[in-house]
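K.L.:
Predicted model, plus sequence, below.
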Amino acid sequence: EGTVITVEDLQGALDTAGLTLGEGDVVLLHTGWLDLIESEPDRFAAGEPGIDGDGAAWLAEQGVVAVGADTWGLDAVPHPDGLVFPAHQELLAKNGVYILENMATGQLVEDGVSEFMFVLGQPRFEGAVQSMINPVAIR
């Protein structure tokens, strides 16, 4: 909890996978945090690793349409600088980039998948600010 995934970490992961980001891409981060939801639910809910405002700004500059993780809030909590959800502010409010939370990324990691077609058909709720989704990764 509270560990920040930096721009350098993001770029390093891309380099390791031999990938570059492009306009309209979706980025999913696997931290392993979702594994705690059953074994250590109090710890899972109390904090999490995640990106910060700098990482969010960098991802938005790359033209991504959505950023998600296997965490409940994407941001590092508690943030080392005492900030409250700076990645949310950068992605959603400033850049219109969607945030995907509690993404089940474990099977992708187990299968060694780093690139796939991301398919998401979201429900159309008028006036809603969030909802449950059921995305699919197609290799």
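P.N.:
Received the coordinates, thanks.
K.L.:
rest of the way, CA atoms for contacts and neighbours
P.N.:
Fine.
K.L.:
Which pLDDT value goes with the most far-flung residue of the chain relative to its centre?
P.N.:
In the chain, the greatest distance from the average C-alpha position (CA atoms, centre = their mean) is reached by E126, at 24.4 Å. pLDDT, E126: 82.
K.L.:
Tell me which other helices or strands the longest helix seen in the chain touches.
P.N.:
Counting residues, the longest helix in the chain under DSSP state H turns out to be helix 7-17. Helix 7-17 is packed against helix 53-61, with contacts defined by 3 or more CA pairs under 8 Å, 6 or more residues apart in numbering; DSSP states H and E.
K.L.:
Convert the C-alpha atoms of the next helix or strand after the helix it packs on to PDB, please.
P.N.:
Under the assignment DSSP states H and E, the closest C-terminal helix or strand after helix 53-61 is strand 66-69. The C-alpha coordinates for strand 66-69 follow below in PDB (Å, rounded to 0.1, in the frame of the first residue of the first chain):
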ATOM      1  CA  ALA A  66      -8.600   4.300 -20.400                       C
ATOM      2  CA  VAL A  67      -6.300   3.200 -17.500                       C
ATOM      3  CA  GLY A  68      -7.100   0.400 -15.200                       C
ATOM      4  CA  ALA A  69      -5.600  -1.800 -12.500                       C
END
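K.L.:
what's the helix or strand that strand 66-69 is followed by in contact with?
P.N.:
Counting by DSSP H and E, the element after strand 66-69 in chain order, helix or strand, is helix 86-88. By CA atoms under 8 Å, 6 or more residues apart in numbering, the residues outside helix 86-88 that reach it are 51-57, 74-75, 99.
K.L.:
Spatially, which two of those are the most separated?
P.N.:
D54 and I99 (15.5 Å; CA to CA).
K.L.:
who's more crowded, the two?
P.N.:
I99 (20 against 15; other CA atoms under 10 Å).
K.L.:
Verify the stated contact: V136 with F118.
P.N.:
Yes - with contact defined as CA atoms under 8 Å, V136 reaches F118; the gap is 6.0 Å.
K.L.:
Appreciated, that's everything.
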